[in-house]
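**Q** Any chance you can model this:
(2 chains)
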Amino acid sequence: MKLHRSSGHLTLAIALLALPFIIDALFGHGWVRITDFALLYIMLALGLNIVVGYAGLLDLGYIAFYAVGAYTYALLGSPQFGIHWPMYVVLPLGALIACGFGVLLGAPTLKLRGDYLAIVTLGFGEIIRIFLNNLNAPVNITNGPQGISAIDPLQVGAFSFGSSYEWMGIRIDDVHLHYYLFLGFTLLVIFVSRRLEDSRIGRAWVAIREDEVAASAMGINTRNIKLLAFAMGATFGGISGGLFAGFQGFVSPESFSLMESIMVLCMVVLGGMGNVGGVVLGGVLLVALPELFRNAAGPVQQALIGKVIVDPESLRMLMFGLALILVMLWRPAGIWPSTQRRREFAADDSVLHQEQETVYDASK
Amino acid sequence: MTPPSDHLIELSGVGKHFGGVIALADVSLHIKQGEIYGLIGPNGAGKTTLFNVVTGLYQLDSGSFDFAGQRYTQCKPHLLAQAGIARTFQNIRLFANMSALENIMVGRHLRTRTGIWGALTRNAAARAEERATVQRARELLDYVGISSAHQTLAKHLSYGEQRRLEIARALATEPKLLALDEPAAGMNATETVALKALLQKIRASGITVLLIEHDVKLIMGLCDRVAVLDYGKKIAEGAPEEVRRDPAVIAAYLGGEAA
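**A** The predicted model follows:
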């Protein structure tokens, strides 16, 4: 059994290592780049999963933490201020600042629940974006809507993830190198998520999601435990943001719109709230499918009707909405839900039966 | 004036209102270490309000509340749980989609330490604590008599089992005072008898019990002392037999003027 498991892990490891080369060979360079972005989004989705999936707090402004991480990296590693700190300083710093923002947002708002919390976090997300957009006057900090460009590549010492290397006759490009870097971080985030989920703290999160009043009566400091969820989620967002800035070499407020928050939330909800595997699947699907569609929509229309009637971009959102509705109809707990969430969404005959029995007992 | 040392809970002049509605007016009572104290009264008398004050769900508007010699007049529920007050709810509030065992493990949260670092590294201390938590949860399931249900989701348990699980979860916090809000509601006669035995067992283990109940037979057979609330006021207090004969209590239950 143990042998079986470890051989499974080995297969998975080899597959993950070979993946960028397979994708490169089959679909071309562009798709390796898309894979890199998929990993960034998976990290984001896993961070949001802690807040939404475990602790049950609906956060619609999550992308703000991604923005904080990205701008931290951008400001401390670009000609903007002429600061060029190394990645191993700036990335943790970005994560820490994002974590701080998570606490900053969480502390005053965590008394709110459900819809109210969602609205406040949505506002927070927009505030951050608008700040980034306008902090170019009177003192130019963020360079406003133009964004910050010529950001330092991710590099450790002389080794830059933004260059190409030859190794034993194999050419390894920047997108491949970024893939391995991002994969490492993603695996770390998965590890942290899984460990936390199955611990005293993870149980406290689920208890709060299930019944906050009962949780506090059991001695759980609900405010601190919820803050912890916010802080953890924000930290993951900050790391992902820093990696994004280094990878892209350019950040602007445009990348952190409400639509991005919704997109990440969709990855969590669609894939399966509370289940790490489901969230990863959600991230992969929601990055890959729209790209596929963008490439396919134009040619398909051309072939069928003879001209492009609907702009592929708007058609993409249409199909996206449709897919979301269909999944929610057929698999309301997500494509690959956690066992717990599946229970919550299951229409339960035995419960119904028992409730009727209880009513009957009480009336006796 | 310091209260006698065998008073676990000391309420004096407690008042609570919701807008214009006075739920509690100048209620003073004490609960002695090791007794089973009953709280009865007609519907809407303020029993659950008093209960929620004692467990920190409501902040009282006037008066004071001491527990184990400490003042807890304005206090959060989790701090009272920390101090040693555990409760159950009138309309059962289990973590419905967690198993019976997991429910009790949540109750152990308070008395365990593992933080983020322990959870991530799973060091020896964290693993030992987790094992102890599971062990204790199993013991408690056994203690309340539902050990066969440990894998069952809370929401799939029978009504009586859910009541018992709530008690087990409360006991997991190692309380000095166990506060039960209508634990026999919805139970049949057999289950009520079993509940009575369980509560006597809990008292024998040294835990003080505060009990709200409508089942007069249960109250009379179980409680050392009883207080009667009506319209937010305490109208009687004493041994169950005395209270039962009290004209004010009879008037409150049957209606009409007190003689």
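
**Q** Buried ones in the helix or strand that contains A:I190, by neighbour count?
**A** Per DSSP states H and E, A:I190 falls inside helix A:174-197. For helix A:174-197, burial by neighbour count (16 or more other CB atoms under 10 Å in any protein chain shown) applies to A:174-183, A:185-186, A:189-190, A:192-193, A:195-197. In short, each C-beta sits where N, CA and C put it, glycine included.

**Q** Now do the contacts for the residue nearest to B:C223 when sequence neighbours are not counted.
**A** In space, B:C223 comes closest to B:G38 once its chain neighbours are excluded; the distance is 3.6 Å by CB to CB, 6 or more residues apart in numbering or on different chains. Going by CB atoms under 8 Å, 6 or more residues apart in numbering or on different chains, B:G38 touches B:L211, B:I212, B:E213, B:I219, B:L222, B:C223, B:R225, B:V226, B:A227, B:P240.

**Q** Report the angle between the helix of greatest length in chain A and helix A:174-197.
**A** What stands out as the longest helix in chain A, according to DSSP state H, is helix A:276-305. Put simply, helix A:276-305 runs at 140 degrees to helix A:174-197, going by axes from the mean of the first three to the mean of the last three CA atoms, to 10 degrees.

**Q** so what does the helix or strand following helix A:276-305 touch, helix or strand wise?
**A** Next helix or strand after helix A:276-305 toward the C-terminus (DSSP H and E): helix A:312-330. Contact partners of helix A:312-330 among helices and strands, from 3 or more CB pairs under 8 Å, 6 or more residues apart in numbering or on different chains; DSSP states H and E: helix A:258-271, helix A:276-305.

**Q** Deepest-packed of those, please.
**A** Comparing the helices and strands packed on helix A:312-330 by mean neighbour count (mean count of other CB atoms under 10 Å in any protein chain shown), helix A:258-271 comes out on top with a mean of 22.

**Q** Contacts for that helix, please.
**A** Contacts of helix A:258-271 (CB under 8 Å, 6+ apart): A:41-42, A:44-45, A:48-49, A:52-53, A:59-64, A:66, A:122, A:125-126, A:278-283, A:285-286, A:324, A:327, A:334-336.

**Q** Buried ones among these?
**A** A:41-42, A:44-45, A:48-49, A:52-53, A:59-64, A:66, A:122, A:125-126, A:278-283, A:285-286, A:327, A:334-336.

**Q** Just give me the longest helix of chain B.
**A** With DSSP H setting the assignment, residue counts place helix B:124-143 as the longest helix in chain B.

**Q** ok so, going back, out of the buried residues of helix A:174-197, who's near chain B?
**A** Among these, the residues within reach of chain B (CB under 8 Å from any CB of the partner chain) are A:V192, A:R195, A:L196.

**Q** TSV please, covering these and showing pLDDT.
**A** Converted to TSV, these look like this (pLDDT from 0 to 100):
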residue	pLDDT
A:V192	95
A:R195	94
A:L196	94
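
**Q** just to revisit the earlier point, what's the next secondary structure element after the helix holding A:I190?
**A** helix A:200-210.

**Q** okay, that following helix in CSV with CA atoms only?
**A** Provided in CSV are the C-alpha atoms of helix A:200-210 (Å, rounded to 0.1, in the frame of the first residue of the first chain):
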residue,chain,number,x,y,z
ARG,A,200,-6.8,22.1,15.5
ILE,A,201,-6.9,25.4,13.6
GLY,A,202,-8.6,23.8,10.6
ARG,A,203,-11.2,22.3,12.8
ALA,A,204,-11.8,25.7,14.4
TRP,A,205,-12.3,27.3,10.9
VAL,A,206,-14.8,24.7,10.0
ALA,A,207,-16.6,25.1,13.3
ILE,A,208,-16.9,28.8,12.7
ARG,A,209,-18.3,28.1,9.2
GLU,A,210,-20.8,25.7,10.6
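
**Q** contacting residues around whichever helix or strand comes after it?
**A** Counting by DSSP H and E, the element after helix A:200-210 in chain order, helix or strand, is helix A:212-217. Helix A:212-217 is contacted by residues A:113, A:204, A:207-208, A:222, B:55, B:57, B:76-78, B:81, B:86-87, B:89, B:93-95, B:106 when judged by CB under 8 Å, 6+ apart.

**Q** do that again at 6 Å, thanks
**A** A:A207, A:I208, A:T222, B:P77, B:H78, B:R87, B:R93 (CB atoms under 6 Å, 6 or more residues apart in numbering or on different chains).

**Q** got the helices and strands packed on helix A:312-330 as TSV, with mean pLDDT columns?
**A** Converted to TSV, those look like this (pLDDT from 0 to 100):
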stretch	mean pLDDT
helix A:258-271	90
helix A:276-305	85
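
**Q** what about B:Q90, which SS state?
**A** Recorded secondary structure, B:Q90: coil (DSSP: H, G, I helix; E, B strand; the rest coil).

**Q** How many neighbouring residues does residue 91 have?
**A** Since no chain was named, I'll use chain A. Look at A:L91: counted by other CB atoms under 10 Å in any protein chain shown, it has 24 neighbours.

**Q** hm, I was asking about chain B
**A** Counted with other CB under 10 Å, B:N91 comes out at 8.

**Q** The nearest residue to A:K307 once chain neighbours are set aside and chain B: what is the separation?
**A** Leaving out its chain neighbours, the residue that sits closest to A:K307 by CB to CB, 6+ apart is A:Q301, at 7.1 Å. Distance, A:Q301 to chain B, by CB to the nearest CB, to the nearest Å: 46 Å.

**Q** ok, and the most crowded of the contacts of B:G38?
**A** Result: B:V226 is most packed of the contacts of B:G38 (other CB under 10 Å), 26 neighbours.

**Q** which residues are contacting the host helix or strand of that one?
**A** For B:V226, the host element (DSSP H and E) is strand B:225-230. Residues from elsewhere that reach strand B:225-230 (CB under 6 Å, 6+ apart): B:29, B:37-41, B:45-47, B:234-237, B:240, B:243, B:249, B:252.

**Q** could I get the contacts of helix A:212-217 as CSV with pLDDT and secondary structure?
**A** Shown next, in CSV, are the contacts of helix A:212-217 (pLDDT from 0 to 100; DSSP: H, G, I helix; E, B strand; the rest coil):
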residue, pLDDT, secondary structure
A:A207, 95, helix
A:I208, 94, helix
A:T222, 92, helix
B:P77, 91, helix
B:H78, 92, helix
B:R87, 94, strand
B:R93, 94, coil
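
**Q** between the residues you listed, which has the most around it?
**A** Most surrounded of those: other CB under 10 Å gives B:R87, at 28 neighbours.

**Q** Can you pull the residues of chain B lying near chain A?
**A** Contact residues (CB under 6 Å from any CB of the partner chain) of chain B with chain A: B:77-78, B:81-82, B:87, B:93, B:95, B:97, B:105-107, B:109-110, B:112, B:114, B:119-120, B:155-156, B:159, B:173, B:186.

**Q** Of those, which belong to strands?
**A** In strands, defined here by DSSP state E, the members of the residues of chain B next to chain A are B:R87.

**Q** Got a quick PyMOL command for the buried subset of the residues of chain B next to chain A?
**A** Command for PyMOL, covering only those of these found buried under the criterion 16+ other CB under 10 Å:
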select buried, chain B and resi 77+78+81+87+93+95+97+105+106+107+109+110+112+114+119+120+155+156+159+173+186
